[in-house]
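> Dropping a prediction and its sequence here:
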Amino acid sequence: MKFNVLAIDGPSGSGKSTVAKMVACKLNFNYLDTGATYRAFGYMVLVKFSETKIKSSIKKIMGTDDVDQIITTEVANELLNKFNLLYENQKVVINGLDITELIRSDEVSEISSKVATINEVREFLVGWQQNWVVEHGSSVVEGRDIGTVVFPKAPLKIFLTADDEVRSLRRSHQISQRLDTIKENLTLRDIRDSKRINSPLKAANDAIVIDSTFKSIDEVVEEILSLWKNLNL
């Protein structure tokens, strides 16, 4: 099957999810939110470590960035072997359970960012994401390492960013937290994502950086569609 990939990367609050969905709709492409795959695995981790006998490990995971000391290679592989993930029409299902809404909790957001630093998890999910697009065809794929790792040969790579204050304000409309807490959490996640050894958050060398700070969603979408049209694929 011949397919094209439009890659959109960027930090939380940059507007990439909303933009990616709208661009996919305009182009009649499939849409894949790779962050949802990490959230799904993070949810599995929470379920496992919420068992009474190891419940204390949840607090340990939340309190450290050195998660591989708690989630060992053996534990990661054990969970990955049981990780039957389906993603269709933006619905996230693991092992037959629809967790689409469950993975949007603050706790899952925190744990997913941390388990995303585990090499075994990233390697497994990158392969899963690549296979998903091969099976579904032309897609808009959004995440943090799409243009650099998942689809480095994508004909168009967008790195969407925005001012920290604006990103925090946008995030505040999605979750019920104090603005200063949201900003602090975004900063910590940005540092964690950009400093990890495997697949750090960064713009690909050939990516087009779009700052959405002073742009509406529609303006960003039209800019990306124009760039895609000019490719003459």
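Done, it's in.

> Low-confidence ranges, the chain, go.
For the chain, the stretches with pLDDT under 70 are 1, 51-70, 172-177.

> Can you list the neighbours in contact with stretch 201-217?
Outside stretch 201-217, the residues that touch it by CB atoms under 8 Å, 6 or more residues apart in numbering are 7, 9, 11, 14-15, 18-19, 22, 144-145, 147-148, 152, 156-163, 166, 190, 193-194, 220, 223-224, 227. Placement of C-beta: from N, CA and C, glycine included.

> Mind doing that once more with 7 Å?
With contacts defined as CB atoms under 7 Å, 6 or more residues apart in numbering, stretch 201-217 is touched by 9, 11, 14-15, 18-19, 22, 144, 147-148, 152, 157-163, 166, 193-194, 220, 223, 227.

> quick one: the strands in this structure?
5-9, 30-33, 85-88, 91-94, 97-98, 139-143, 156-161, 208-211 (DSSP state E).

> May I see those strands arranged in TSV, with mean neighbour count and distance to E184 as well?
Converted to TSV, the strands of the chain look like this (neighbours: other CB atoms under 10 Å; distance: least, CB to CB, whole Å):
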stretch	mean neighbour count	distance to E184
strand 5-9	27	23
strand 30-33	21	24
strand 85-88	16	31
strand 91-94	18	27
strand 97-98	11	32
strand 139-143	27	23
strand 156-161	24	19
strand 208-211	16	22
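
> Now tabulate the ones you listed in JSON lines and tack on distance to V133.
Listed next are the strands of the chain as JSON lines, based on distance: least, CB to CB, whole Å:
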{"stretch": "strand 5-9", "distance to V133": "6"}
{"stretch": "strand 30-33", "distance to V133": "7"}
{"stretch": "strand 85-88", "distance to V133": "11"}
{"stretch": "strand 91-94", "distance to V133": "16"}
{"stretch": "strand 97-98", "distance to V133": "22"}
{"stretch": "strand 139-143", "distance to V133": "5"}
{"stretch": "strand 156-161", "distance to V133": "14"}
{"stretch": "strand 208-211", "distance to V133": "20"}
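
> domain ranges for this protein?
1-29+138-233, 35-136 (automatic domain parsing).

> what separates the shortest one from the chain centre, distance-wise?
Spelled out, it's domain 35-136. 12 Å (CA atoms, centre = their mean, to the nearest Å).

> and that domain, how far apart are its ends?
18 Å (CA to CA, to the nearest Å).

> quick one on the thing from earlier: for I111, find the nearest of the strands of the chain.
strand 91-94 (14.5 Å; CB to CB).

> most centrally placed residue in this structure?
Centroid-nearest residue in the chain: G35, 2.2 Å away (criterion: CA atoms, centre = their mean).

> correct me, but it touches V141?
No - the criterion here is CB atoms under 7 Å, and G35 misses it with V141 at 10.8 Å.

> Run through who's touching stretch 79-95.
31-32, 36-37, 40-41, 44-45, 48, 98-100, 103, 120-121, 124, 128, 132.

> Can you flag the buried ones in the residues you listed?
Buried residues within the contacts of stretch 79-95, counting neighbours by 16 or more other CB atoms under 10 Å: 31-32, 36-37, 40-41, 44-45, 48, 99, 103, 120-121, 124, 128, 132.
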